[in-house]
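Student: Need coordinates for the following:
(one chain, ligands or ions: 1)
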Amino acid sequence: MSENQNGCSPSDCQGCAHAGTCNSKPQDFHKPANAKSHIRNVIAVVSGKGGVGKSMVTASLARMMREQGFSVGILDADITGPSIPKMYGIHDTAKGSDDGIFPEIAKDGTKIMSVNLLLPNESDPVIWRAPIITSVVTQFWTDVIWGDLDYLFVDMPPGTGDVPLTVFQSLPVNGAVIVTSPQDLVRMIVEKAYKMVRQMNIPVLGIVENYSYLTCPDCGKKISVFGESHIDEVAAELGIPVLGKMPIDPALSEMVENEKFYEVSNEYLADAVNKI
Ligand SMILES: Nc1ncnc2c1ncn2[C@@H]1O[C@H](COP(=O)(O)OP(=O)(O)OP(=O)(O)O)[C@@H](O)[C@H]1O
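Tutor: Sure, this is the predicted structure:
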């Protein structure tokens with residue numbers, strides 16, 4: 001079942017003679033950005049299930065855009081599992097003014113907002129009901145002073161729940177990137193994410209496959225740790241491009257562990273920057 005802005009499924013209106021005049025037609029739920037934010041592109045990074053490396057891909061795309069000279073921000077919408085600030089070595093608490101809340105600025109100039117910047121202690125768990133969580137994510141758009149940005153990447157929580165729905169309804173999302181990993185269920189999981197994005201009338205920019213393979217450090221052979229990839233077939237069936245295939249790369253996880261993601265240049269996603 002899909003939910004439209006008015007609670008109907010989009011197909012309910014199709015073919016109805018009264019669709020144009022009916023007062024149940026979809027409403028515009030978009031919220032205005034903070035008056036001091038000027039954001040040209042909002043890109044959502046989604047996955048059908050957890051643990052596929054969505055934050056890694058979000059931050060990698062942000063880094064690639066930074067390297068191209070664009071001004072970039074990351075809105076960490078993964079409220080119960082925030083990981084972006086730590087990747088960039090950010091442990092400060094966000095500051096505010098009468099105009100709103102300032103994002104923290106990483107060493108490479110990337111602007112970051114995450115619930116971890118608002119908690120008294122970053123290891124405190126977020127044990128909030130869904131309406132609170134979604135209103136915090138909305139405030140990351142309405143109350144954060146992002147300034148002038150070419151790209152704002154939104155790191156979504158996994159799945160197709162409340163937060164992705166809120167982001168797609170409330171923010172002017174230009175397109176979504178789907179992240180997945182090679183596994184038997186990939187077709188079904190990617191399709192769920194794809195259908196959600198499409199039902200919200202957002203373009204799907206492409207798919208990134210993470211954990212595609214591991215290169216043996218001794219012989220250089222590529223090992224398909226999670227099974228053979230089917231991502232090219234799935235992408236062709238859905239008519240969307242594959243933006244990149246990322247191996248399990250200890251050098252990448254080391255940069256995360258060392259909180260130095262601001263130095264990463266993720267060449268596995270080099271082509272992606274031209275397609276988003
Ligand atoms: N290609 C990769 N090579 C090496 N390590 C990786 C790779 N992708 C992700 N990781 C590591 O795997 C862990 C999980 O990645 P990440 O936090 O990006 O997952 P996620 O999909 O955002 O998680 P969740 O769905 O639970 O929010 C992190 O420690 C990250 O550094």
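
Student: Number of residues surrounding Gly135?
Tutor: Wrong residue type there; residue 135 is Ser, not Gly. Using other Cβ atoms under 10 Å, the number of residues around Ser135 comes to 12. (Each C-beta comes from the backbone N, C-alpha and C, glycine too.)

Student: Where does it sit, in terms of helix or strand?
Tutor: Using DSSP states H and E, Ser135 maps to helix 130-142.

Student: If you count neighbours, what's buried in that helix?
Tutor: Ile133, Thr134, Val136, Val137, Thr138, Gln139, Phe140, Trp141, Thr142 (16 or more other Cβ atoms under 10 Å).

Student: those helices in the stretch 51-200 of the chain, which residues are they?
Tutor: Secondary structure of the stretch 51-200 of the chain (DSSP state H, counting those that start in this stretch): helices located at 54-67, 84-87, 130-142, 162-170, 186-199.

Student: Residues touching the last one, excluding its own?
Tutor: Taking contacts as Cβ atoms under 8 Å, 6 or more residues apart in numbering, the residues outside helix 186-199 that touch it are 2, 4, 9-10, 44, 46-49, 160, 164-165, 168, 176, 178, 180, 183, 203-204, 207, 230-231, 234, 237-238, 240.

Student: And stretch 77-84, by the same measure?
Tutor: Applying Cβ under 8 Å, 6+ apart, the external contacts of stretch 77-84 come out as 50, 54-55, 58-59, 74, 76, 112, 114-116, 125-126, 128, 133, 136-137, 140, 154-158, 163, 167.

Student: Comparing the helices of the stretch 51-200 of the chain, which comes out most buried?
Tutor: helix 54-67 (a mean of 25; mean count of other Cβ atoms under 10 Å).

Student: does it come close to the ligand?
Tutor: Yes: contact of helix 54-67 with the ligand (Cβ under 6 Å from any ligand atom) involves Lys54, Ser55, Met56.

Student: Send me that helix as PDB with only the CA atoms.
Tutor: C-alpha atoms of helix 54-67 as PDB (Å, rounded to 0.1, in the frame of the first residue of the first chain):
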ATOM      1  CA  LYS A  54      24.300   4.200   2.900                       C
ATOM      2  CA  SER A  55      26.200   6.700   5.000                       C
ATOM      3  CA  MET A  56      29.400   5.700   3.300                       C
ATOM      4  CA  VAL A  57      27.900   6.300  -0.100                       C
ATOM      5  CA  THR A  58      26.300   9.600   1.100                       C
ATOM      6  CA  ALA A  59      29.600  10.900   2.400                       C
ATOM      7  CA  SER A  60      31.500   9.600  -0.600                       C
ATOM      8  CA  LEU A  61      29.100  11.400  -3.100                       C
ATOM      9  CA  ALA A  62      29.500  14.600  -1.000                       C
ATOM     10  CA  ARG A  63      33.300  14.300  -1.100                       C
ATOM     11  CA  MET A  64      33.300  13.800  -4.800                       C
ATOM     12  CA  MET A  65      31.200  16.900  -5.300                       C
ATOM     13  CA  ARG A  66      33.500  18.800  -2.900                       C
ATOM     14  CA  GLU A  67      36.500  17.800  -5.000                       C
END
